[in-house]
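Visitor: Quick one: sequence and predicted model below, then my questions.
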Amino acid sequence: MKPTMVTRVIGQLVVLRENDSTPLDAEWDAFLKILADNWDKFDRLKILVVTDGGGPNAAQRKRLETVLNGKPIRVAVVTDSAKSRFIASMISLINRQHMGFAMKEVVQAYNHLKMNQMERTIAEQALIELDPLIR
């Protein structure tokens with residue numbers, strides 16, 4: 001069975017690639033562990049999510065809220081899925097630095113994350129490598 005979500009941590013950059021399904025709990029909890037382990041570094045962490053339409057369900061979002069514990073973290077969700085954009089907007093209620101972007105707005109997503117050119121190149125390469133894992 002192929003994963004629904006894969007995560008790669010590259011220094012202060014976390015790249016998530018999701019297909020059009022809700023992440024499996026084990027996948028989501030692995031991501032939450034990354035957040036929990038880096039809670040004191042939220043001001044430096046940058047999270048880029050590219051999704052075909054998947055996103056956390058209500059129970060997973062509640063666990064995210066618990067891990068965040070009121071502390072904002074910079075997240076950009078890039079998708080053309082209305083469902084995923086809606087989920088991103090719901091999460092923005094618990095994380096004011098969580099924003100959704102259309103695929104054509106990827107540069108704005110990078111700007112939101114304050115990514116330099118090297119980070120953008122690294123993220124794009126990671127996405128190329130992660131994409132086949134969820135298909």
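Guide: Yes, it's here.
Visitor: Can you name the residues that contact the residue sitting nearest the centre point of the chain?
Guide: With distances taken as C-alpha atoms, centre = their mean, Val49 lies nearest the centre of the chain, 3.2 Å away. Residues in contact with Val49 (C-beta atoms under 8 Å, 6 or more residues apart in numbering) are Leu16, Arg17, Glu18, Val75, Ala76, Val77, Val78, Thr79. For glycine as for every other residue, the C-beta is placed from the backbone atoms N, C-alpha and C.
Visitor: Just flag the most distant two among those.
Guide: Farthest pair in the contacts of Val49 (C-beta to C-beta) is Arg17 and Val75. Separation: 14.2 Å.
Visitor: Show me which of these two is the more surrounded one.
Guide: Arg17 (26 against 23; other C-beta atoms under 10 Å).
Visitor: The helix or strand containing the more buried one - contacts with which helices or strands?
Guide: When elements are assigned from DSSP states H and E, Arg17 belongs to strand 13-18. Where contact means 3 or more C-beta pairs under 8 Å, 6 or more residues apart in numbering; DSSP states H and E, strand 13-18 is packed against strand 5-10, helix 25-37, strand 46-51, helix 117-130.
Visitor: Ala102 is nearest to which of the ones you listed?
Guide: By C-beta to C-beta (comparing all of the helices and strands packed on strand 13-18), the closest turns out to be strand 46-51, at 11.5 Å.
Visitor: Show residues contacting the next helix or strand after that closest one.
Guide: Using DSSP H and E, the helix or strand that follows strand 46-51 in sequence is helix 58-68. With C-beta under 8 Å, 6+ apart as the test, helix 58-68 has contacts from 22-23, 25, 28-29, 32, 35-36, 39, 56, 87, 90-91, 94-95.
Visitor: Many thanks, I have nothing further to ask.
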